[in-house]
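Novice: here is my input; please provide its structure:
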Amino acid sequence: MPIHSTAIIDSKAKIHPSCTVGPYCTIGAGVELGEGCHLVSHVVMEGPTTIGIDNGFFPFSSIGLAPQDLTYAGEPTRLEIGDHNEIREFVTINRGTVKGGGLTRIGDHNLIMAYTHVAHDCQIGSHIIMANAATLGGHVTVEDWANVGALCPVHHFVRIGTHSIIGGGSTITRDVLPFSKTSAERGTHAYGLNAIGLERRGFSEERIKKLQRAYRLLLASKLNTSQALEKMKAEADRGEDVDRLIRFIAESDRGVIK
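Specialist: Residues are numbered from 1 along each chain as shown. I've put the predicted structure just below:
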């Protein structure tokens, strides 16, 4: 195991022999590092934290430290990170809180760029990009394939839908529609379907056309959200993607951005 002489590793940490730990890293008790992880330098990790295989951590990232929550009283809450993630410089990812379920979770194949913050009890899926200085408040859910732009603050308890893209600098206080392009220009609006992103991810022309019909009802018609949902439900051949869009809106507690 290549461990730099300046690294400090607690005897109760579990590190796979294939991992690389660079200069001035600090790894605390309760940290478990899976096969092939690479800590460049100056990385701080505390547990309980479980990390899967082939994850890269860049300088000054802080992983699994206590949540920034005034009610936290030192309970042994957890952080779980999956496989093949890249965690860039100065990223902070906090453990959960007891009141929030005790677990912050990150999936697989994510790019979490510099200065990003993932707060307590967030549930992050897979194949997600979080651009520089994107900030998630506590209890945020980010679904698979979403793209959160740079300098985006996301309010506590918000959901970000699958395959959506949020423009840089957008303040997100309500749920972001799946498959959408959402950006701030004075007010924050959904500007239509993320069609180019869906094409790149292998969505067929037929799937995209069905979603475009649904988005025209939702965003371009004079119908309110409830009326648009009823029209969508009345489409006989609306497809699984539109069904998911309908469920997402129906289950929203904070309302959706339109």
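Novice: so which residues of this protein form helices?
Specialist: 195-200, 205-215, 225-234, 239-250 (DSSP state H).
Novice: just how off-centre is the shortest one within its chain?
Specialist: What separates the centre of helix 195-200 from the centre of its chain is 19 Å, taken as CA atoms, centre = their mean, to the nearest Å.
Novice: reformat the helices of the chain as JSON lines; add mean pLDDT.
Specialist: Listed next are the helices of the chain as JSON lines, based on pLDDT from 0 to 100:
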{"stretch": "helix 195-200", "mean pLDDT": "95"}
{"stretch": "helix 205-215", "mean pLDDT": "95"}
{"stretch": "helix 225-234", "mean pLDDT": "94"}
{"stretch": "helix 239-250", "mean pLDDT": "95"}
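Novice: where does the protein have low pLDDT?
Specialist: For the chain, the stretches with pLDDT under 70 are 1, 186-187.
Novice: again, 90 this time
Specialist: Along the chain, segments meeting pLDDT under 90 span 1, 184-191, 222, 235-236, 254, 257-258.
Novice: and the helices of the chain: which comes nearest Ala29?
Specialist: helix 239-250 (40.1 Å; CB to CB). Where you see a C-beta, it was placed from the backbone N, CA and C, and this is true even at glycine.
Novice: okay, buried residues for that closest one please.
Specialist: Within helix 239-250, the residues scored as buried using 16 or more other CB atoms under 10 Å are Gly239, Asp241, Val242, Arg244, Leu245, Ile246, Phe248, Ile249.
Novice: ok, stretch 30-43 next?
Specialist: Neighbour counts over stretch 30-43 (16+ other CB under 10 Å) mark 30-34, 36-43 as buried.
Novice: of those residues, which belong to strands?
Specialist: Val31, Glu32, Leu33, His38, Leu39 (DSSP state E).
Novice: out of these, who's nearest Gly56?
Specialist: His38 (4.9 Å).
Novice: how near is the closest one to Arg213?
Specialist: Relative to Arg213, His38 is positioned 46 Å away (CB to CB, to the nearest Å).
Novice: likewise Ile51?
Specialist: On the measure of CB to CB, Ile51 and Arg213 end up 43 Å apart.
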